[in-house]
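[1] Just a sequence and a predicted model for now, questions to come.
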Amino acid sequence: MDILVIQKFVLWAIPVLFAITLHEVAHGWIALKLGDKTALMLGRLTINPLKHIDPLGTVLIPTVLFFLGGFIFGWAKPVPVTRANLRNPKRDMAFVAIAGPIANLLMAIFWAVVAKIGILISDGDPTAGLDWVLIYMGQAGMIINLVLMLLNLIPIPPLDGSRIVSSFIPNKWDYFYSRYELFGLILLVILLATGVLGQILWPIMAFCLHIISRLLNLPFNF
């Protein structure tokens with residue numbers, strides 16, 4: 001296997017691990033602030049990726065998608081949240097749910113800054129050195145975090161977007177809406193396999209990438 005491909009895989013793996021990990025930690029941290037200590041008691045409020053890795057969603061699927069050159073995404077073991085422990089369960093679940101996507105947005109900006117540093121110290125060689133590492137990893141971090149942010153905001157159970165919607169609809173509708181998580185997962189797989197998911201998300205993601213790049217004056221064309 002080409003050594004450059006292996007290098008790129010490693011540089012993608014780091015942002016992926018932290019994107020997925022901090023997404024879940026954000027859920028648990030906000031839940032703690034709103035009265036639920038479940039994630040804290042189970043040792044899940046840590047940035048140690050080993051505590052959050054899901055063999056399928058964190059390792060296998062992102063790896064396969066990387067080498068297939070397709071739409072890269074993944075997931076970690078969900079941080080447990082005991083809804084009944086929240087001070088205002090119906091309202092507070094929306095805050096817990098939105099925390100993950102917000103964490104990904106902040107990380108996308110962080111990785112953009114990393115890429116900017118790489119550009120500032122660049123020696124002009126596009127394939128070697130610390131500058132190349134920072135630029136490439138920064139781009140990867142921007143992309144994966146925006147993918148996770150936008151993907152999770154889709155209002156299909158069990159994604160975060162569905163938890164947000166549930167907080168604003170009557171309980172009798174919420175009951176039927178939330179119980180179809182299995183069908184939601186099947187729908188997501190179909191949308192991914194047919195390429196529809198990429199067609200839906202890419203224009204929005206390209207816009208977000210463009211805005212962040214303009215803010216930091218990054219010479220990226222996505």
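    Received, thanks.

[2] Just the buried residues of stretch 51-69, please?
    Buried residues in stretch 51-69, counting neighbours by 16 or more other Cβ atoms under 10 Å, are found at 51-54, 57-58, 61-63, 66. C-betas here are computed from N, CA, C, even on glycine.

[3] Then stretch 168-185?
    174, 177-178, 184.

[4] end to end, how far does stretch 49-57 reach?
    Terminal residues of stretch 49-57 lie 13 Å apart, using Cα to Cα, to the nearest Å.

[5] average model confidence for it?
    Averaging pLDDT along stretch 49-57 yields 80.

[6] Equivalent analysis for stretch 130-137, please.
    Per-residue scores along stretch 130-137 average to 89.

[7] ok so, going back, need the buried residues of stretch 51-69 in TSV (columns: secondary structure and distance to P157).
    Converted to TSV, the buried residues of stretch 51-69 look like this (DSSP: H, G, I helix; E, B strand; the rest coil; distance: Cβ to Cβ, whole Å):
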residue	secondary structure	distance to P157
K51	helix	25
H52	coil	21
I53	coil	23
D54	coil	18
G57	helix	17
T58	helix	21
I61	helix	19
P62	helix	22
T63	helix	26
F66	helix	27
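
[8] Which single one of those is nearest to A26?
    H52 (11.6 Å; Cβ to Cβ).

[9] ok, the closest one touching R44?
    Yes. Taking contacts as Cβ atoms under 8 Å, H52 lies within contact range of R44: 7.1 Å.

[10] hey, what's in contact with both of these two?
    Listed contacts common to H52 and R44 are 24-25, 79; contacts here mean Cβ atoms under 8 Å, 6 or more residues apart in numbering.

[11] Switch these over to CSV; also include distance to F220 and secondary structure.
    Output for these, formatted as CSV (distance: Cβ to Cβ, whole Å; DSSP: H, G, I helix; E, B strand; the rest coil):
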residue, distance to F220, secondary structure
E24, 28, helix
V25, 28, helix
V79, 32, coil
